[in-house]
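In: Fold the following for me, if possible:
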Amino acid sequence: MKKNMLISIAVIVIACVLFLSFVRLTYVDYFNPFLKKETSYAVVPLGTQTYVDIQAYDESGEPLKYRLNFGGYDARSDHVKVIHKGKYVFQIEYIHDLSKWPKEVKKKE
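Out: The predicted structure follows:
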């Protein structure tokens, strides 16, 4: 009986760790202790306040394996710096001075 209970608990723990490692859900990523905050860069469409399925790039110019959804508005700039943890977006910053835009990301744009 004890052995079955320990095996069941071990299977549940392993399933939870695998879920947190591979599944990207906004609010799960917020609480996921295995993820760290990242800074990414993206080009967003002008004239909208809700950005859906935005492809972001890390500082080395590699695309993220998932797409981001977030809100914001700036009528003058379509380049954003995104601070996020997985798919959970903490903050966006519009970049007006493109000299602050990473050169590696410029090539991928």
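In: list the contacts for the residue nearest to residue 50 when sequence neighbours are not counted?
Out: Counting by C-beta to C-beta, 6 or more residues apart in numbering, residue 71 is the residue found nearest to residue 50 once chain neighbours are left out, at 5.2 Å. For the C-beta atoms, the positions are set from N, CA and C on the backbone; glycine is no exception. Residue 71 makes contact with 49-51, according to C-beta atoms under 8 Å, 6 or more residues apart in numbering.
In: From start to finish, how long is stretch 51-65 in a straight line?
Out: Between the opening and closing residues of stretch 51-65 we find a distance of 17 Å, counting by C-alpha to C-alpha, to the nearest Å.
In: So residue 78 sits against residue 46, correct?
Out: Yes - distance between residue 78 and residue 46: 5.2 Å, which falls inside the contact criterion (C-beta atoms under 8 Å).
In: More neighbours: these two, which one.
Out: Neighbour count, other C-beta atoms under 10 Å: between residue 78 and residue 46, residue 78 has more, with 14 against 11.
In: What separation do you get for residue 104 and residue 58?
Out: For residue 104, the distance to residue 58 equals 9 Å [C-beta to C-beta, to the nearest Å].
In: Please apply the same query to residue 95.
Out: 15 Å.
In: Repeat that for residue 5.
Out: Separation of residue 5 from residue 58 (C-beta to C-beta): 43 Å.
In: With residue 76 instead?
Out: Using C-beta to C-beta, one gets 25 Å for the distance from residue 76 to residue 58.
In: Over to residue 73?
Out: 24 Å.
In: who's more crowded, these two?
Out: Applying other C-beta under 10 Å to residue 73 and residue 58 shows that residue 58 carries more neighbours, namely 15 against 12.
In: In contact with the nearest residue to the more buried one once chain neighbours are set aside, which residues?
Out: Once flanking residues are discounted, residue 58 sits nearest to residue 40: 5.5 Å by C-beta to C-beta, 6+ apart. Residues in contact with residue 40 (C-beta under 8 Å, 6+ apart) are 56-59, 64, 68, 81-82, 84.
In: Done for today, thanks.
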